[in-house]
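J.: one predicted model, sequence on top.
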Amino acid sequence: MKPVIEVKDLVREFSTRGRPTKTAVGGISFDVRQGEIFGLLGPNGAGKTTTIKMLSTLLIPTSGSARVLGYDIDDDRTVMELRKRINVVSGGDRGLYYRLSAKQNLEFFADLYGIPKREQPEMCQKLLGMVGLLKAADIKVEDFSRGMKQRLHIARALVNDPELLFMDEPTIGLDPEISRSVRSMIRDLSGSGKTIILTTHYMYEAEELCDRMVILSKGRIVGRGTVGEIKDMVSDSSVIHIVTDRDPSEALGGFVSDPDMTVVSSRTVGGRYDTRFASASGKTDIRSHEDMFRPFGIRLIGLDEPTLEDAYIRLTGGDE
Amino acid sequence: MSARAVSAGFKQQAVQFFADPQWIIPSLISPFLLSMVMIFLSSGGTSIEGPVVLQAVLGGGVLGMWANSLFSSSTSVSFDRINGTFEPMLGSGTRIIYVLIGRSLWSTLIGLLNAFIVFAIAEVMFGAGLNVQNPLLFFLALLMAMLSLSSVGLLISTLFVLTRKGGTISSVLEYPIYVMSGALVPISMLPAWMQPASLALAPTWGVDAIKYSALEGYGGMLGMSLITDVLMCVALSIVFIFSAYVVMLYVERKVLIDGTATRY
């Protein structure tokens, strides 16, 4: 299948007077096939948003090339045609006219995309219904909750019925229920044939939605493939899962100087401390760890298969 | 497509205007107050009448139109930057200049309204003696002057794509352009070095046309005829609009290179 996005050695640097040039994206290459949900994963500052902005023609690359739907993203002669066929969903509170209603926001952008006036009432009805905002159609956006704004962002990005949709952290800051409904929308959009480029740093979201993905770290691709393929990239490592009664930070501190060990996650669950850490060299000597964690009251200790999150932490070096 | 974007810009600005009552302050109240100050100053603290006061009334009306146009042009892009809507607009496949033209047309309408309010109050409350010989010509001259002011505002608005200092720049520009247009005092009273710049401004010719239509026995700026005023005003307005289009193409590309479209 012919790719809808072809990226080759794409670089984006930012220069500010008096400061050293910062490389946000340092020569990445990948392709995206028609109809897939393609993930751009990475910690903050990895270059996800910069990549999306370049591919959606909102930022000009410093070097390298990319073709989106067959158009060169840096060709002034065709950029307007390309923009008509794509759209971007940004996360956050900005990007909407607060003094206008949900419907007026959609109508304004529909006008910019040249959607005929006679089609707009039905289109607004359909899109607002799809994102569950039909009853709020005439309410000003300033009175919307964060979740409602996010859903309106999605509706706004669909006014031109884009073939390709860029979604930049669409669930960031949303409560679990709204996040779930947004993920469900993303699946439905993919089911309707749209190609979706999704950035996220929520691993469960990527695992649930993405057909393929690249993992970015400091502007470079450190992993690529399906969820299974990415997990396989760290199959040589083992993940030790341990639950203790007391905070084991003191014991984990010993890993800082050990390049072989990476703390994958450390969280409190039901008043207990749930810790997962990986050994790059595949050491599975549970007994030595048992001795180390015993003073903290071990409730559970064992070996886990690497998850996508484990692979992500290993590949990005835990630089979040 | 471009006509749709112009209409969208006009409609959006109108809805925004009525949705946010604060816009009335810079668009109507502030120019009105300034005009009243000018009228009182021109009256010399005594009666409000005579040709000098009439000129002040016209000047006040023009100031109202210009303040409105400048405010609208500076805020229209700055507002989108702050609001985070500049980038979605940029990515919509429509030239932003068309949206800005639509917004400028709305500000033209409000500017005209402002001018009429100033004239009406000067006439009704102060009996300023605004004896318009030809109301149709007066209205057309006002409309032409307002469109020319909007064309200058449009060109200035393109610069706000590059800068976040919209408020500062518009404050700095408000009075020089007003003075140079001859609305405050005849341009023959301006320093010789400033006069060529005055003549290069489309509103200067529009303001002169207003004076032709409103002041009995008016002899014209530097002896120019009314038809010269009209031709120059239209021609220079077109030059300003075309320049705005070209500058906008440049600044749109520049923000994409610099990555500053989302800074605010």
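T.: Right, received. Where do you want to start? Residues are numbered from 1 along each chain as shown, chains lettered A, B, ... in the order given.
J.: my read: B:Asp20 touches A:Tyr98, true?
T.: No: using C-beta atoms under 8 Å, B:Asp20 makes no contact with A:Tyr98, being 9.3 Å away. (Each C-beta comes from the backbone N, C-alpha and C, glycine too.)
J.: out of these two, which sits in the busier spot?
T.: Taking other C-beta atoms under 10 Å in any protein chain shown, B:Asp20 and A:Tyr98 do not tie; A:Tyr98 has more neighbours (18 against 11).
J.: tally of neighbours for the nearest residue to A:Asp93 once chain neighbours are set aside?
T.: The spatial neighbour of A:Asp93 that comes closest, neighbours along the chain excluded (C-beta to C-beta, 6 or more residues apart in numbering or on different chains), is A:Lys149 at 6.1 Å. For A:Lys149, the neighbour count with other C-beta under 10 Å is 21.
J.: can I get the helix or strand harbouring A:Lys149 in CSV, CA atoms only?
T.: Here A:Lys149, judged by DSSP states H and E, is contained in helix A:146-157. C-alpha atoms of helix A:146-157 as CSV (Å, rounded to 0.1, in the frame of the first residue of the first chain):
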residue,chain,number,x,y,z
ARG,A,146,-12.1,21.3,29.5
GLY,A,147,-13.6,18.1,28.2
MET,A,148,-16.2,19.9,26.1
LYS,A,149,-13.5,22.2,24.6
GLN,A,150,-11.5,19.1,23.7
ARG,A,151,-14.5,17.6,22.0
LEU,A,152,-15.1,20.8,20.1
HIS,A,153,-11.5,20.8,19.0
ILE,A,154,-12.1,17.4,17.4
ALA,A,155,-15.4,18.6,15.8
ARG,A,156,-13.5,21.7,14.5
ALA,A,157,-10.8,19.6,12.9
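J.: buried residues, that helix. List them.
T.: With burial defined by 16 or more other C-beta atoms under 10 Å in any protein chain shown, the residues of helix A:146-157 counted as buried are A:Gly147, A:Met148, A:Lys149, A:Gln150, A:Arg151, A:Leu152, A:His153, A:Ile154, A:Ala155, A:Arg156, A:Ala157.
J.: helices and strands around it, which ones?
T.: strand A:86-90, helix A:102-112, helix A:120-130, strand A:164-168, helix A:176-191 (3 or more C-beta pairs under 8 Å, 6 or more residues apart in numbering or on different chains; DSSP states H and E).
J.: could I get the average pLDDT for the last one?
T.: Taken as a whole, helix A:176-191 has a mean pLDDT of 85.
J.: quick check: angle from it to strand A:86-90?
T.: Interaxial angle, helix A:176-191 versus strand A:86-90 (axes from the mean of the first three to the mean of the last three C-alpha atoms, to 10 degrees): 170 degrees.
J.: ditto for the second one
T.: Here helix A:102-112 points in a direction 150 degrees away from that of strand A:86-90 (the same axes, to 10 degrees).
J.: show me what helix A:102-112 packs onto, helices and strands only.
T.: By 3+ C-beta pairs under 8 Å, 6+ apart, helix A:102-112 packs against helix A:120-130, helix A:146-157, helix B:2-19.
J.: what residues does that helix touch?
T.: A:96-97, A:100, A:120, A:123-124, A:127-128, A:133, A:136-139, A:141, A:144, A:152, A:155-156, A:159-160, B:4-5, B:7-8, B:11-12, B:15, B:88-89, B:92-94, B:99 (C-beta atoms under 8 Å, 6 or more residues apart in numbering or on different chains).
J.: just the buried ones from these?
T.: Using 16+ other C-beta under 10 Å, the buried ones in the contacts of helix A:102-112 are A:96-97, A:100, A:120, A:123-124, A:127-128, A:133, A:136-137, A:141, A:144, A:152, A:155-156, A:159-160, B:4-5, B:7-8, B:11-12, B:15, B:88-89, B:92-94, B:99.
J.: got the buried residues of helix A:146-157 as a markdown table, with pLDDT columns?
T.: As requested, these are arranged in a markdown table below (pLDDT from 0 to 100):
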| residue | pLDDT |
| --- | --- |
| A:Gly147 | 84 |
| A:Met148 | 88 |
| A:Lys149 | 89 |
| A:Gln150 | 87 |
| A:Arg151 | 88 |
| A:Leu152 | 91 |
| A:His153 | 90 |
| A:Ile154 | 89 |
| A:Ala155 | 90 |
| A:Arg156 | 92 |
| A:Ala157 | 90 |
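J.: okay if I get those as TSV plus distance to B:Leu155?
T.: Converted to TSV, those look like this (distance: C-beta to C-beta, whole Å):
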residue	distance to B:Leu155
A:Gly147	41
A:Met148	38
A:Lys149	34
A:Gln150	37
A:Arg151	39
A:Leu152	34
A:His153	33
A:Ile154	37
A:Ala155	35
A:Arg156	30
A:Ala157	32
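J.: from those residues, which is closest to chain B?
T.: Set against chain B, the nearest of those by C-beta to the nearest C-beta is A:Arg156 (7.1 Å).
J.: the helix or strand hosting A:Gly27 near chain B at all?
T.: According to DSSP H and E, A:Gly27 maps onto strand A:22-33. No: Strand A:22-33 stays clear of chain B (C-beta under 8 Å from any C-beta of the partner chain), getting no nearer than 8.6 Å.
J.: need the contact partners of that strand.
T.: With C-beta under 8 Å, 6+ apart, strand A:22-33 has contacts from A:1-16, A:38, A:45, A:47, A:50-51, A:54, A:61, A:64, A:195, A:197, A:212, A:214, A:216, A:218-221, A:224.
J.: ok, of these, which come out buried?
T.: Counted by 16+ other C-beta under 10 Å, the contacts of strand A:22-33 give A:3-5, A:7, A:10-14, A:38, A:45, A:47, A:50-51, A:54, A:61, A:64, A:195, A:197, A:212, A:214, A:216, A:218-221, A:224 as buried.
J.: among these, which ones lie close to chain B?
T.: A:Arg12, A:Phe14.
J.: out of the buried ones among the contacts of strand A:22-33, which sit inside helices?
T.: A:Thr50, A:Thr51, A:Met54 (DSSP state H).
J.: ok, so of those residues, who is nearest chain B?
T.: A:Thr50 (8.0 Å).
J.: residues touching the closest one, list them.
T.: A:Arg12, A:Ala24, A:Val25, A:Leu59, A:Gly219.
J.: if we go to 7 Å?
T.: The contact partners of A:Thr50, by C-beta atoms under 7 Å, 6 or more residues apart in numbering or on different chains, come to A:Arg12, A:Ala24, A:Val25, A:Leu59.
J.: among these, which one sits closest to chain B?
T.: Using C-beta to the nearest C-beta, A:Leu59 is the member of these that lies nearest chain B, at 5.4 Å.
J.: can you count the residues close to the closest one?
T.: With other C-beta under 10 Å as criterion, A:Leu59 counts 27.
J.: part of a strand, is it?
T.: No: with DSSP: H, G, I helix; E, B strand; the rest coil as the criterion, A:Leu59 is assigned coil and is not in a strand.
J.: run a quick neighbour tally on the spatially closest residue to it that is not a sequence neighbour.
T.: Sequence neighbours aside, A:Lys53 is the residue nearest to A:Leu59 in space, at 3.9 Å (criterion: C-beta to C-beta, 6+ apart). For A:Lys53, the neighbour count with other C-beta under 10 Å is 26.
J.: and the residue in the stretch 1-150 of chain B that chain A sits nearest to, how close does it get to A:Leu198?
T.: Closest contact between the stretch 1-150 of chain B and chain A, by C-beta to the nearest C-beta, is at B:Gly84 (2.6 Å). In this structure, B:Gly84 and A:Leu198 are 20 Å apart, going by C-beta to C-beta, to the nearest Å.
J.: which of these two has more neighbours?
T.: Using other C-beta under 10 Å as the criterion, B:Gly84 and A:Leu198 rank with A:Leu198 on top: 27 against 18.
J.: A:Phe277 and A:Asp258 touch, don't they?
T.: No: counting by C-beta atoms under 7 Å, A:Phe277 does not reach A:Asp258; the two are 10.0 Å apart.
J.: how about the contacts made by the residue most central in space within chain A?
T.: For chain A, the residue nearest the mean C-alpha position is A:Thr200 (1.6 Å; C-alpha atoms, centre = their mean). Neighbouring residues of A:Thr200 by C-beta under 7 Å, 6+ apart: A:Gly39, A:Leu41, A:Glu169, A:Ala206.
J.: fine, thanks again, bye for now.
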